[in-house]
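**Student:** Provided below are the primary sequence and the corresponding predicted coordinates.
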Amino acid sequence: MSGPAVFIDRDGVLNEERAFVYRPEDFVFIAGAIEALGLLQAAGYRLVVVTNQSGIARGLYTEADYLALTAHMRRRLEAFGIHLDAVEHCPHLPDAPLTRYRLDCDCRKPKPGMLLRAIRALDIAPQKSFLVGDRLSDVEAGRAAGVGRCFLVRTGYELTAEAMERADGVYPDLLASVRDALREFPPKAALNPQEHP
């Protein structure tokens, strides 16, 4: 039976926004982010990270560097008992300096490819799910994938008026968005939405 998930942008939502983070020593969780993931996991949501990684296409770091950082992030979270169900990334860029990544793909947000891959692989019910990002492109990707609600946080990029208007809510950070979402849709509603018309 399809279940709910939370789709979470990485840089600026989970970890501090810095230009092209790829080294473990530069990866710093935003205050409250780990707690937020713990609350979501306890409530029965699958945890899916979806991140554009154009630094790969720009030649600033390699896909191996990205994968090593992802492994570091997973280990840090597993120390708190938190398991990420999927970490999807897009290494492409239409005008990429590196030819192998020069692609107008279907996965780079605002396109929904990363979300759709996770939805298929994990049997996620998108309409019962929500997304948390820090840019309009996150909201657009969520809408295109049929995600029920799309929130923005202020810990990453400066939000545009259009982004705030199109989001279902704007919060100081991930933890604030999660607490509000779980108050509105408590764990039982997330796990058994048919019982809560």
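**Tutor:** Happy to help now that I have it. As the structure is a computational prediction, the values presented were derived from the model and not from experiment.
**Student:** what about the helices in this structure?
**Tutor:** Along the chain, counting by DSSP state H, helices occupy 33-42, 54-57, 63-78, 113-122, 136-144, 161-166, 174-184, 187-191.
**Student:** biggest strand in the chain, by residue count?
**Tutor:** strand 46-52 (DSSP state E).
**Student:** thinking again about what came up before, mind putting the helices of the chain in JSON lines, mean neighbour count, mean pLDDT and distance to Pro91 included?
**Tutor:** Placement of C-beta: from N, CA and C, glycine included. Below are the helices of the chain laid out as JSON lines (neighbours: other Cβ atoms under 10 Å; pLDDT from 0 to 100; distance: least, Cβ to Cβ, whole Å):
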{"stretch": "helix 33-42", "mean neighbour count": "20", "mean pLDDT": "98", "distance to Pro91": "24"}
{"stretch": "helix 54-57", "mean neighbour count": "21", "mean pLDDT": "98", "distance to Pro91": "4"}
{"stretch": "helix 63-78", "mean neighbour count": "15", "mean pLDDT": "98", "distance to Pro91": "6"}
{"stretch": "helix 113-122", "mean neighbour count": "19", "mean pLDDT": "98", "distance to Pro91": "11"}
{"stretch": "helix 136-144", "mean neighbour count": "22", "mean pLDDT": "98", "distance to Pro91": "16"}
{"stretch": "helix 161-166", "mean neighbour count": "13", "mean pLDDT": "98", "distance to Pro91": "24"}
{"stretch": "helix 174-184", "mean neighbour count": "19", "mean pLDDT": "95", "distance to Pro91": "24"}
{"stretch": "helix 187-191", "mean neighbour count": "16", "mean pLDDT": "51", "distance to Pro91": "32"}
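**Student:** average pLDDT across the longest strand of the chain?
**Tutor:** Mean pLDDT, computed over strand 46-52, is 98.
**Student:** tell me the strands beside that strand, with direction?
**Tutor:** strand 5-8 (parallel), strand 86-90 (parallel) (DSSP bridges).
**Student:** now the first one: mean pLDDT?
**Tutor:** Per-residue confidence for strand 5-8 averages out to 98 on the pLDDT scale.
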